[in-house]
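Trainee: just to be clear, the model below is a prediction. Sequence and coordinates:
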Amino acid sequence: MVVEYCRTRVKSALSRSGLPDLDYALNPYVGCAHGCLYCYARGYTRIAEIVERWGRLVYVKENLLDVLRQEVRKLKPGVVGVSTITDPYQPIEATEELTRRAVQILLKGGFKVSIQTKSPLVLRDLDILLEYARSVDVGFTIITMDEGVSSILEPGAPPPRARAEALTRISRTGVRTWLFYGPVIPGINDGVEHFGEVLRPLHRDVDLVLIDRLRITPEVRRSLGQALANSERVLKIAVSRDWWSKTVKSFENLCSELGVRCIPSIAEPEKGVRSLADYSPGTIK
Ligand code: SF4
């Protein structure tokens, strides 16, 4: 997939999350080259062209670090989610290093950082993460170990095996790590055997598993409609309470067998809210 990159300027770097878990959110890029078909972050992106060309157009916030330095001096330190509506370690980060430098500014400024990514590129920044290990956690999103399925649903993202290996490497350095298993899509990854393929090899390396359901925004409906032969049936099951409660029950049983804390989403599938407030009970902090 060819991705076009543009530069943009911003007036603010940190946004208030208003959530008990995350005080602020920081998104170094607008749009995401991972281009996941199930991504509902598109619904939070104000630039129509990026929404239309999701995964193929990304804006780089060129003055982000200058703005962030000023904000860090003025704002009360808290926990910053990096990122919430884009992957902070998408390919352009390898050369831009916006996330790396932003994380460094935040940690030096006394903020805590909670990273969520699909990319082993985060390993590049282990030097910083280790220096501030008590103020950092890193979550990896893995929804399947099937590389064929991943290449269709997450066409621009690194292979799941590379994510799992990166998670293990980070965990073994002492930095806290967690797994985000979501979205759970009926017929794709809702069997406990699918969940087990991801969790079993990683269960000693994660403090927590967050389980998310499919959020059905108009863009997600359109993308999955193009990719899945039976998308109408999949989307119908995805809104079923009965299906979700049975799925969660079987996943919770496996987590309990493996001794891993597990927090399933309680959000409604047609509300595209992406936050840890959607998980109950408890938080990762
Ligand atoms: S990596 Fe995350 S933000 Fe990026 S497209 Fe996929 S789901 Fe959306």
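Mentor: That came through, no problem.

Trainee: all helices for this structure, in order.
Mentor: 48-52, 64-74, 93-96, 98-108, 126-131, 147-153, 160-171, 192-199, 218-227, 231-238, 241-258 (DSSP state H).

Trainee: quick one: buried residues of the fourth one?
Mentor: Within helix 98-108, the residues scored as buried using 16 or more other C-beta atoms under 10 Å are Leu98, Thr99, Arg100, Arg101, Ala102, Val103, Gln104, Ile105, Leu106, Leu107. Heads up, the C-betas are built off the backbone N, CA and C, glycines and all.

Trainee: hmm, back to that, ok, and which of the helices of the chain has the densest surroundings?
Mentor: With neighbours defined as mean count of other C-beta atoms under 10 Å, these peak in mean count at helix 98-108, which reaches a mean of 21.

Trainee: from the chain's centre, how far out does that one sit?
Mentor: How far helix 98-108 lies from its chain's middle: 18 Å, per C-alpha atoms, centre = their mean, to the nearest Å.

Trainee: for the ligand, see how far away the nearest residue to Gly196 once chain neighbours are set aside is.
Mentor: Spatially, and ignoring its direct neighbours in sequence, Gly196 is nearest to Leu254 (5.8 Å; C-beta to C-beta, 6 or more residues apart in numbering). Distance of Leu254 to the ligand, given as C-beta to the nearest ligand atom, to the nearest Å: 24 Å.

Trainee: ends of stretch 185-195, how far apart?
Mentor: 11 Å (C-alpha to C-alpha, to the nearest Å).

Trainee: what about it, near the ligand?
Mentor: No: Stretch 185-195 stays clear of the ligand (C-beta under 6 Å from any ligand atom), getting no nearer than 12.6 Å.

Trainee: go ahead and confirm Leu130 touches Thr173.
Mentor: Yes: if you go by C-beta atoms under 8 Å, Leu130 and Thr173 touch, sitting 5.9 Å apart.
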